[in-house]
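In: Sequence and predicted structure are below.
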Amino acid sequence: MNLRRDVFQAIADPTRRAILFLVATQSMTAGTIASNFDTARPTVSRHLKILTECDLLRQEQTGREVYYHLNPEKMKEIADFVEPFRKLWDDRFNKLETIMKTYQSQS
Amino acid sequence: MEQKTKVHAEEGKQELLITREFDLPLKLLFKAYVEPHIVEQWMGTKVLKLECKRHGSYQFETTDPQGNKHGFNGVIHEFFPDRKITRTFEMENTPFTVQLEFLEFEKLTDSTSKLRMQIVYRSVALRDQMLQMPFAYGINMAHNRLEDVVKQLR
């Protein structure tokens, strides 16, 4: 559960979210990513480290360069985490609808 | 197919929004929130008390499959028939603190209606925890099922 909480902490930061959006389109080196931000390079490196640690980003060695790319599986997990909550309410409301339809036809 | 129930939980906010369109006239939708025996059916709970009026209160009791009883209660702050209910909601004997709920009922057509439920939590962390509860529960269930299967294999 701890790792999971880290993922949500990771995406709570606006710079880290911006990094994810940036890398979503194509793999990039740390240098290219950093050049898109006014933030100091070590700060961007720290963000990259956090995103990599919680598996949202993956590193790939191409020649001498390390490229960062998005891990879509992990991203999907975040998108899906609200789904069981939604499903719970959906089931409840479906039940309400069914009960009231019966009620309506009876009265 | 578009989902009938939508949950909107903006990152870093201590509230969430649940919206749902019903194939029911507004009056019937509202009735489902007011009549104790109907509330009991769709909420799957026992209604001990339900005073639908300003400064009224309510008390529900749910029995889980293990036979444990769970209490829920709240106070009704505003009550406008077929339009709006503002109330608090609290799960008894849990670390979760009380939450504030704004329920707005709206007529779409003569036979359809819409519910907009805004829930405000004490903190962002608490909201996220509540959102994750069914998710965590689902994971636990999956683990339990896995355990059962593994036990049978032995």
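Out: Great, that's in hand. Numbers count the residues shown, from 1 in each chain, chains lettered A, B, ... in the order given.

In: List the contacts of B:Pro36.
Out: Applying CB atoms under 8 Å, 6 or more residues apart in numbering or on different chains, we find B:Pro36 in contact with B:Val47, B:Leu50. For glycine as for every other residue, the C-beta is placed from the backbone atoms N, C-alpha and C.

In: Likewise for A:Asn71?
Out: Counting by CB under 8 Å, 6+ apart, A:Asn71 has contacts A:Asp55, A:Leu56, A:Leu57, A:Arg58.

In: what's the residue nearest the centre of chain B in contact with, if anything?
Out: Central residue of chain B (CA atoms, centre = their mean): B:Met43, 8.0 Å from the mean position. With contact taken as CB under 8 Å, 6+ apart, B:Met43 is in contact with A:Arg92, B:Phe60.

In: Report pLDDT for B:Phe72.
Out: pLDDT, B:Phe72: 95.

In: scratch that, A:Asn2
Out: 44.

In: Within range of chain B, give me the residues from chain A.
Out: Contact residues, chain A versus chain B (CB under 8 Å from any CB of the partner chain): A:1, A:8, A:11-12, A:81-90, A:92-97, A:99-101, A:103-104.

In: Torsion angles phi and psi at B:Ser123?
Out: Main-chain dihedrals, B:Ser123, degrees, to the nearest 10: phi -150, psi 170.

In: hang on, isn't it packed against B:Gln14?
Out: Yes - between B:Ser123 and B:Gln14 there is a contact under CB atoms under 8 Å: 5.7 Å.

In: Compare the two (neighbour count), which wins?
Out: B:Gln14 (16 against 10; other CB atoms under 10 Å in any protein chain shown).

In: Lowest-scoring secondary structure element of the chain by mean pLDDT?
Out: Using chain A. Ranked by mean pLDDT, DSSP states H and E, the weakest helix or strand in chain A is helix A:2-12, scoring a mean of 62.
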